[in-house]
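Chemist: need the 3D shape of this:
(2 chains)
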Amino acid sequence: GEKVEQHESTLSVREGDSAVINCTYTDTASSYFPWYKQEAGKSLHFVIDIRSNVDRKQSQRLIVLLDKKAKRFSLHITATQPEDSAIYFCAASMPGTYQRFGTGTKLQVVP
Amino acid sequence: GGIITQTPKFLIGQEGQKLTLKCQQNFNHDTMYWYRQDSGKGLRLIYYSITENDLQKGDLSEGYDASREKKSSFSLTVTSAQKNEMAVFLCASSIDRAGTEVFFGKGTRLTVV
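Modeler: The predicted structure follows:
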């Protein structure tokens, strides 16, 4: 089945800088790529997604890029703020199947 | 908006014990999931259900049973708790099983003594 790899287990950036989290997937049939955020002591919540019919999507300070040839997608957080500190999970799913998750990236935004 | 309620929040069991975790959602979602979260391993799907009385195995179903008694509830049973079962179990739901965001509960933290 689909396997999702999340390459950075931890990431530290200065407040105001950009953060980039990268994921790869194995199955070319995957077509839906969501991202979730888990703040300390809390559960996951959805932040942004991208579908395979586009290669870029932006929602405020969040940008998702999808490279289908490389089977890679990434989350860019611009102008980072302390409240962006959290664990971010990428996921991927094929049509009609459940989402498989990466192992998470702990992002720390330092002043 | 809706909410996913998991009970209990903390569960302490003995090795070999059968333990049940419960989940309720009021989103009126068709699909519900049980994920296990281990540090450094991300989320792994144990079971999911696409409608009442349906049950589908995920990647980590061995050692677990599940039951979808009605659309709004989904329970998970650890059939025989093991020492290495210390983890957080997350219940989730979505409108369907692919292509839509998943909503998560706050989790049940299991400790086996």
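Chemist: what bridges to the residue most central in space within chain B?
Modeler: Among the residues of chain B, residue B:34 comes closest to the average C-alpha position under Cα atoms, centre = their mean, at 2.7 Å. Assessed by DSSP bridges, residue B:34 has beta-bridge partners residue B:47, residue B:91.
Chemist: mind listing what it touches?
Modeler: B:21, B:23, B:45-48, B:58, B:64, B:66, B:74, B:76, B:89-92 (Cβ atoms under 8 Å, 6 or more residues apart in numbering or on different chains). From N, CA and C alone the C-beta is placed, and that goes for glycine too.
Chemist: for chain B, just list every one of the strands.
Modeler: All strands of chain B, identified by DSSP state E, fall at B:4-7, B:10-13, B:19-25, B:31-38, B:42-49, B:56-57, B:64-70, B:73-78, B:87-94, B:103-104, B:108-112.
Chemist: show me what the second one is packed up against.
Modeler: When contacts are defined as 3 or more Cβ pairs under 8 Å, 6 or more residues apart in numbering or on different chains; DSSP states H and E, strand B:10-13 sits against strand B:19-25, strand B:108-112.
Chemist: any chance of TSV for those strands, columns mean neighbour count and mean pLDDT?
Modeler: Shown next, in TSV, are the helices and strands packed on strand B:10-13 (neighbours: other Cβ atoms under 10 Å in any protein chain shown; pLDDT from 0 to 100):
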stretch	mean neighbour count	mean pLDDT
strand B:19-25	19	97
strand B:108-112	18	94
